[in-house]
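Participant: just need the structure, nothing else, for what follows:
(2 chains)
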Amino acid sequence: MLSRVADSLYWMSRYLERAEHTARLLSVGLTQTLGQEQEAVRQRWLRLLAALHVTPPSGSDIDTTVLVQAQSFDTENHDALVNSITQARENARQVREQISTEMWEQLNRLYLQVRTHASAQLWQDEPIEFFQSVKEGAHLFQGITDATMSHGEGWHFIQVGRFLERAGATALLLDTHFQPHLAATPEEPSPLDFNDWVALLKCCTAFEAYCKVYTADVQPTRVAEFLLLNGESPRSVRFAADRIQRSLQAIAQATASRGAGRAERLAGRLRAALDYGQVDEILADDMHGSLSAIRRSCDGIHTAIYQTYVVYPVESALNV
Amino acid sequence: MLSARSSLQSDHPLFTHYQFSGAFDEMFDWDGQVRPHYRPLYQRLLELAASDLQERQRYANLTFLNQGITFTVYGDHEGTERIFPYDLLPRIITATEWATIEAGLKQRITALNLFLHDIYHEGRILADKVIPRELVYTCHHYRREMRWVTVPRRIYTSVVGTDLVRLPSGAFAVLEDNLRVPSGVSYMLTNRGVMQRAFPQLFANIGVQPIDNYGQALLTTLRSLAPPQRPDPSIVVLTPGVFNSAYFEHTFLARQMGVELVEGRDLLVHDNIVYMRTTAGLRRVDVIYRRVDDDFIDPLAFRHDTILGVAGLFNAYRAGNVAFANAVGTGVADDKAVYAYVPRIIRYYLGEDPILPNVETYLCDEPDQLRYVLEHLDELVVKAVGESGGYGMLIGPHSSAEERAQFGARIAAHPRNYIAQPTLQLSRAPCFIDERVEPRHVDLRPYILNSGDQITIVPGGLTRVALRRGSLVVNSSQGGGSKDTWVLFR
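Facilitator: I've put the predicted structure just below:
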């Protein structure tokens, strides 16, 4: 497979995952802050914005409409939802002959739908429905991908892109919630209440799944355990690490690449750390450090994939 | 009964607007009788209502849209893609007519290939003053860099699309040779697929020669260009990228042949060997079917201000480590002024009379002819020699006095850049337009594959239609459409 094609498939998938994540966070933010008092609203948005790599607006008041508009449709804002979808589509367009027609059509439909909402300000009437349709659009695309594309090398690059993005984003989201929580002292109790933990689970579409394992008794420790270490929830970091490793193995096998070791090794190490990790130890030890390490691993795997498959130096590849 | 149904029935709702002109009509002869090879189609049409045809037309359009057989509209930020207008009624050619076309095209391609080899080597034809040296050397597409370069099997033009027109006499003539990167073959193939679904019985009754082997024939042709020491050559299609209007065709051909579709940034040259960058490392490339113009192929050798090409590619080519289809510098032989000399070129190299005639052509470069052209601008079609796609032309009878004055000044300033031809009455074929069958002007572009040992022409080609009433311009960029072309077994 051409390196350029692998690159486009990878980023198509990453950007779509990013768009879905953004849609989910904004949607949760909107519902969670309804009818709440000003300071609570502000704190909640600050956490969500930090999880989206967004510098919070200056001033103490937060105008939800302006904020959601900026994160969704401001084309000047690189991280806006609309830009993620545009980038996903642009990458798909570059490799249209490599993906199935159905995949292209679905992504194109999603793109056109988001563009329509942006220009007509339609989303303001039914914002939750709008974000819901984006999430569904992304899910549909993933389903179509699994159902219509050969599960070969290209499909595995799509998986790697999606799960690397998810692992990094989930780790950051956990970090923005656990940092203020763990900083709590007897004099100053945790600023996060029951609703905040439910919201965190919902940001990962994991509330119902959590309840099936732990009942609706929502405890921060269990939330961390579920989102980090659960082996079965497709939203946990461990699950993502497992998929990344599997797909990297498949890619290495398909390409018989000489330099494949590094990316696989990094992915294996990340997975082992999560497979054998203990949540009480992580929390007691250094939660922020562990989450940062996960994000560094994701960056390292990304770089290794690039060096092995996409932008490898010519000299290293000449004696084929 | 048969005779009643074999002449034009202008009371039939489909045919109320069918009118004749001075042009050759593909379906009816001058007396309004249906030509024998069109009879099965005509009789089928009489059995149909406009709504039946419309249903099939809708179905055909939908097929094109769903398969993504579209071209990009430049300058549209929404990324709109449109389908190439498609006409439902096939254009039919008899086996006898086809035999003449085939022989004529083979003869012409053979001679042009010899011509290209000659002007980039000894230049005998120039020394013998058959064609003026200056005309060749002043041609914009002449590539000095190709002097004494050995191209594989001496084949310069592997893939050719020659534009033919049918004159009022019924004879076919060559209007243009496209020897650089002719496009449209994907429409020929997909048009056929759509027709087979729209009129299945007709196909069975009438006996149409198949064209499905084009992809395989193209692959064979490209393979034959590979360096002899590379028995299992790797072949790629080089595209300028997704923003090119013919990108669909590039992906289509790559898929039909089962080869990689690459862009310039996928390739690199090391020690005069071309590689493509794959996830499994560098893979050597032996033959490039390039859909990128000469100018953009290598920034070191040609235009420097481009990122479409590959640095060092031309050197690898000169070293014989990679083959191109088509070779660099073939544009000199489809220059519209050189065109006027093609009959002489054929006689010079082959000692034969041309089987397919040229269209009468005035060279503005020659003072007498220039004077004639400037005096008769209202009757002539004037074309810029280096342009294609219907750009840079003046159609005298359809132009205003002001346009003629402007164009005349341009011709006088750069006579070498222009040629003129009489306004041709291109033949007309029946088309389904606004619920009726009406005649429209058509041309024909067969696709010729030249592997040296063998010249293959799949029976058919792209029939382009000027869909606007009275229009003579068939180019897709100028409001033209296309239809399926049937070459019969008998």
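Participant: outline the domain layout of the chain.
Facilitator: With no chain named, the answer covers chain A. A:1-149, A:161-320 (automatic domain parsing).
Participant: let me rephrase: I mean chain B.
Facilitator: Split by automatic domain parsing, chain B gives B:1-211+B:335-359+B:424-490, B:228-321, B:362-422.
Participant: tell me the most buried of those domains?
Facilitator: domain B:228-321 (a mean of 19; mean count of other C-beta atoms under 10 Å in any protein chain shown). C-beta: built from backbone N, CA, C; applies to glycine.
Participant: can you give me the end-to-end distance of that one?
Facilitator: 10 Å (C-alpha to C-alpha, to the nearest Å).
Participant: can you confirm whether it lies near chain A?
Facilitator: Yes: counting by C-beta under 8 Å from any C-beta of the partner chain, contacts between domain B:228-321 and chain A involve B:241-242, B:251, B:254-255, B:260-263, B:265-266, B:268, B:270, B:276-283.
Participant: distance from that domain to the middle of the chain?
Facilitator: 22 Å (C-alpha atoms, centre = their mean, to the nearest Å).
Participant: show me the shaky parts of the stretch 51-200 of chain B.
Facilitator: B:68, B:70-81 (pLDDT under 70).
Participant: wait, I meant the stretch 1-150 of chain A
Facilitator: Using pLDDT under 70, the stretch 1-150 of chain A drops low at A:60, A:119-121.
Participant: nearest to chain B: which residue in it?
Facilitator: Chain B sits closest to residue A:97 of the stretch 1-150 of chain A, with a gap of 3.9 Å, by C-beta to the nearest C-beta.
Participant: name the SS class of residue B:53, please.
Facilitator: helix (DSSP: H, G, I helix; E, B strand; the rest coil).
Participant: and residue B:306, what does it touch?
Facilitator: B:295, B:296, B:299 (C-beta atoms under 8 Å, 6 or more residues apart in numbering or on different chains).
Participant: out of those residues, list just those in strands.
Facilitator: The strands in this structure, assigned by DSSP state E, contain none of the contacts of residue B:306.
Participant: and which of the residues you listed is nearest to residue A:178?
Facilitator: residue B:299 (52.8 Å; C-beta to C-beta).
Participant: surely that closest one touches residue B:311?
Facilitator: Yes: applying C-beta atoms under 8 Å, one finds residue B:299 in contact with residue B:311, separated by 5.7 Å.
Participant: can you list the domains of chain B in CSV and add distance to residue A:147?
Facilitator: Output for these, formatted as CSV (distance: least, C-beta to C-beta, whole Å):
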stretch, distance to residue A:147
domain B:1-211+B:335-359+B:424-490, 18
domain B:228-321, 21
domain B:362-422, 41
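Participant: nearest to residue A:130, out of those?
Facilitator: Across these, closest to residue A:130 is domain B:1-211+B:335-359+B:424-490 (C-beta to C-beta), at 19.7 Å.
Participant: pick out the residue of the stretch 201-320 of chain A closest to chain B.
Facilitator: residue A:255 (3.8 Å).
Participant: do I have it right that residue A:235 meets residue A:166?
Facilitator: Yes: checked against C-beta under 8 Å, the pair residue A:235 and residue A:166 is within contact range at 7.4 Å.
Participant: which one's more surrounded, these two?
Facilitator: Neighbours per residue, other C-beta atoms under 10 Å in any protein chain shown: of residue A:235 and residue A:166, the larger number sits with residue A:166, 26 against 18.
Participant: residues in contact with the more buried one?
Facilitator: Neighbouring residues of residue A:166 by C-beta under 8 Å, 6+ apart: A:17, A:21, A:235, A:240.
Participant: let's see 7 Å
Facilitator: Each residue near residue A:166 by C-beta atoms under 7 Å, 6 or more residues apart in numbering or on different chains is listed here: A:17, A:240.
Participant: and the next element down the chain from the helix or strand encompassing it?
Facilitator: For residue A:166, the host element (DSSP states H and E) is helix A:153-182. Sequence-wise, the next helix or strand downstream of helix A:153-182 (DSSP H and E) is helix A:194-203.
Participant: export that next one as CSV, just CAs?
Facilitator: Backbone C-alpha positions of helix A:194-203 (Å, rounded to 0.1, in the frame of the first residue of the first chain) are rendered in CSV as follows:
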residue,chain,number,x,y,z
PHE,A,194,-22.3,13.0,41.5
ASN,A,195,-23.5,14.8,38.4
ASP,A,196,-20.0,15.6,37.3
TRP,A,197,-19.0,11.9,37.5
VAL,A,198,-22.1,10.9,35.6
ALA,A,199,-21.3,13.5,33.0
LEU,A,200,-17.7,12.2,32.7
LEU,A,201,-19.1,8.7,32.0
LYS,A,202,-21.6,10.2,29.5
CYS,A,203,-18.7,12.0,27.7
